[in-house]
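Undergrad: give me a model of this one.
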Amino acid sequence: MNEANLYAVKALTKKEYLAPGHRSCPGCGEVLAVRLVHKALGRNTITAAATGCMEIVSSPFPLTSWRIPWIHVAFENAAAVASGIEAALKVLERKGRIAPKKIHVVAMAGDGGTADIGLQALSGALERGHDLLYVCYDNEAYMNTGVQRSSATPFGAHTTTSPAGSVVPGEIAGKKNMPQIAVAHDIPYVATATPSYPLDLLSKIKKGAAVKGPAYVHILSVCPTGWGIDSDETIKFGRLAVQTGFFPLYEVENGTYRITVDCVEFLPLERYLLPQRRFRHLTEEMIARLRRRIYAQWEELNRRAAKSGSGVG
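TA: Predicted coordinates for the structure are as follows:
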């Protein structure tokens, strides 16, 4: 562990803002990501959370696992509610009702609440320039309601609404590139992360929270239940997603690209795909098609990083 990472570990608070005792599934990568995100943000945080797995597991009436101000909002409007909170805080400060201080305003949603039903509200919040952090916890399907496909579901994946059959072999569309959609709004900070690389995740959350204006962090959140893996393999498959090139880790600061975890040589893609029940039906041709997409994505990321003069972190 290098000196910077050692300092990051020592500086990390021991306080938990998402209390233990919630009802997440064994091995849930999303709840691990939520926990790390809020440890990075600290006590002075207000979170607007869309309907989804985390709302269900953390707030069974009349109980809650949250130790910060937390608001459950409708599936589609986490970004809109966070925008209102941020605007209200500005008014309260201006009127002297509260003392000026940094309060992190966070919107959180899954891939369905972000890339599908919540995209309009998110785009509006980014375009208006609200000073907030939006975190997408991407488990690549609507897991809370029975593993239906979302626009973040990868090509070929079996879900209950994109079943793998003899005619249509699973999801036929490609995964929507939400980080690049966020970049297109010309906001100060965009990043990808996964709890399988916790120090990288913590660093990016702190950067996103520190910028003036909107920031977007897209976190791959491994779901053993929906992906069809053992509950003790969450961290392993998050790392494999990165090491096979399936989910690249990078950040874009004011238009400057930087790859934060480089893969000099990719691990075989089959090591990531085939142990997962949702991908076990894939043919060699389908895997080759995915591999071509991954290589094209990496070439484009490297081109943009080289053009930015930043390269690999």
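
Undergrad: measure E270 to V168 for me?
TA: Distance, E270 to V168, using Cβ to Cβ, to the nearest Å: 22 Å. Any C-beta I mention is one placed from the backbone N, CA and C, and that applies to glycine too.

Undergrad: then T194?
TA: Taking Cβ to Cβ, one finds T194 at 29 Å from V168.

Undergrad: returning to what we had before: more neighbours, E270 and V168?
TA: A direct count of neighbours by other Cβ atoms under 10 Å for E270 and V168 places E270 higher, at 14 against 10.

Undergrad: which of the three states applies to that one?
TA: Per DSSP: H, G, I helix; E, B strand; the rest coil, the local secondary structure of E270 is helix.

Undergrad: I'd guessed it sits against I287; true?
TA: Yes: in this structure E270 lies within contact range of I287 using Cβ atoms under 8 Å: 6.5 Å.

Undergrad: now do stretch 210-219: distance to the chain's middle.
TA: Mean-position distance between stretch 210-219 and its chain equals 12 Å (Cα atoms, centre = their mean, to the nearest Å).

Undergrad: so which bits of stretch 33-42 are buried?
TA: For stretch 33-42, a neighbour-count test (16 or more other Cβ atoms under 10 Å) marks 33-41 as buried.

Undergrad: save these as JSON lines, and put in distance to D200 too.
TA: Shown next, in JSON lines, are these (distance: Cβ to Cβ, whole Å):
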{"residue": "A33", "distance to D200": "12"}
{"residue": "V34", "distance to D200": "16"}
{"residue": "R35", "distance to D200": "16"}
{"residue": "L36", "distance to D200": "11"}
{"residue": "V37", "distance to D200": "13"}
{"residue": "H38", "distance to D200": "17"}
{"residue": "K39", "distance to D200": "14"}
{"residue": "A40", "distance to D200": "11"}
{"residue": "L41", "distance to D200": "16"}
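
Undergrad: so which of these are in helices?
TA: Counting by DSSP state H, the part of the buried residues of stretch 33-42 found in helices is 33-41.

Undergrad: next, format these as TSV and append pLDDT.
TA: TSV is the format used below for these (pLDDT from 0 to 100):
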residue	pLDDT
A33	98
V34	98
R35	97
L36	97
V37	98
H38	97
K39	96
A40	96
L41	96
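
Undergrad: between the residues you listed, which sits nearest N77?
TA: Relative to N77, the closest of these is V34; by Cβ to Cβ it sits at 19.0 Å.

Undergrad: residue contacts, P60?
TA: Contacts of P60 were listed using Cβ atoms under 8 Å, 6 or more residues apart in numbering, and they are R23.

Undergrad: any idea how far N44 is from the closest residue to A99 other than its chain neighbours?
TA: Excluding the flanking residues, the one nearest A99 by Cβ to Cβ, 6 or more residues apart in numbering is E93, at 7.8 Å. Distance, E93 to N44, by Cβ to Cβ: 13 Å.

Undergrad: again, but for T145
TA: Separation of T145 from N44 (Cβ to Cβ): 33 Å.

Undergrad: quick check: phi and psi at D262.
TA: With angles defined as degrees, to the nearest 10, D262 sits at phi -90, psi 150.

Undergrad: swap in the one 4 residues further on?
TA: As for F266, its main-chain torsions (degrees, to the nearest 10) stand at phi -70, psi 140.

Undergrad: do I have it right that it meets T244?
TA: Yes: judged on Cβ under 8 Å, F266 makes contact with T244 at a distance of 5.5 Å.

Undergrad: please identify which of these two sits among more neighbours.
TA: Neighbour tally, F266 and T244, criterion other Cβ under 10 Å: the higher count belongs to T244, 20 against 17.

Undergrad: now the more buried one. Nearest residue, chain neighbours left out?
TA: Nearest non-adjacent residue to T244, counting by Cβ to Cβ, 6+ apart: Y272, 4.5 Å away.

Undergrad: do you know the pLDDT at the one you found?
TA: Here, the pLDDT recorded for Y272 equals 98.

Undergrad: for the one 5 residues further on, same thing?
TA: According to the model's per-residue confidence, R277 sits at a pLDDT of 98.

Undergrad: in contact with the residue nearest to it when sequence neighbours are not counted, which residues?
TA: Of all residues not flanking R277 in the chain, G228 sits nearest, at 2.3 Å (Cβ to Cβ, 6+ apart). With contacts defined as Cβ under 8 Å, 6+ apart, the neighbours of G228 are 276-278, 280.

Undergrad: how about a cut-off of 6 Å?
TA: Each residue near G228 by Cβ atoms under 6 Å, 6 or more residues apart in numbering is listed here: 276-278.

Undergrad: and what of G110?
TA: 52, 137 are the contacts of G110 under Cβ under 6 Å, 6+ apart.
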